[in-house]
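Peer 1: What shape does this take:
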Amino acid sequence: MTSELENSLLIADPSLRDGLFDRSVIHLAEHSLQHGAIGYILNKPTDKKVGDVLTAPMFTPLKNIPIFFGGPVNTDQIVFSVYWWKDDDHFEYRLRISAEEAATMKRSPGSILVAHVGHSGWSPGQLEEELKEQAWINTPVSSHTLSVPHRELWRSVLEGISPYHKLLSLTPIEIENN
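Peer 2: Predicted coordinates:
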């Protein structure tokens, strides 16, 4: 059974200032009350591409794919995921796909292939508690989410939620200096 949080976005509240998750946009890919949650940060690129760290011939077709920081769990692993819109209302994704499948999906029109190092994870009940504490803002994935440049994603998604959230999106990064 799919939870209502699964396949949604978690937007870091401007008050969440822990360094790792500042202004993060996380695709919450898996969620259950029994097992917790797993997600991938969508807007934190590293300065590396797949070809910089994976040099085996099987990764050659993927060498120019940028690597994103997915979160602080299992940062010794790079995983490939693909995202696409099946139709106007139906967002699809496949996580932890093989290099061969990633190379095939890279050529599929409308699909966006992402390499992540690490992922974000929550133990059972932890995410629900963080949502109650308003560390995260939960919102559905919208059709423009994947087309927004990663540096603008946090602000773009946040301002699209409501007029109140639009004001939140204007919060300066260094709030204490204002």
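
Peer 1: in the protein, which spans are helices?
Peer 2: Taking DSSP state H as the criterion, the chain carries its helices at 50-53, 99-106, 126-132, 153-159, 163-169.

Peer 1: For His90, which of the ones you listed is the nearest?
Peer 2: Set against His90 and scored by Cβ to Cβ, the helices of the chain come closest in helix 99-106, at 17.1 Å. For every residue, glycine as well, the C-beta is placed using N, CA and C.

Peer 1: how about the closest one: buried residues?
Peer 2: Judged by neighbour count (16 or more other Cβ atoms under 10 Å), helix 99-106 contains these buried residues: Ala99, Ala102, Ala103, Met105, Lys106.

Peer 1: out of everything not next to it in sequence, what's closest to the last one?
Peer 2: Spelled out, it's Lys106. Distances taken as Cβ to Cβ, 6 or more residues apart in numbering place Leu113 nearest to Lys106, at 4.8 Å, with adjacent residues excluded.

Peer 1: returning to that earlier point: including distance to Asn64 and mean pLDDT, could the helices of the chain go into a markdown table?
Peer 2: Below are the helices of the chain laid out as a markdown table (distance: least, Cβ to Cβ, whole Å; pLDDT from 0 to 100):
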| stretch | distance to Asn64 | mean pLDDT |
| --- | --- | --- |
| helix 50-53 | 7 | 96 |
| helix 99-106 | 10 | 91 |
| helix 126-132 | 34 | 96 |
| helix 153-159 | 21 | 93 |
| helix 163-169 | 31 | 90 |
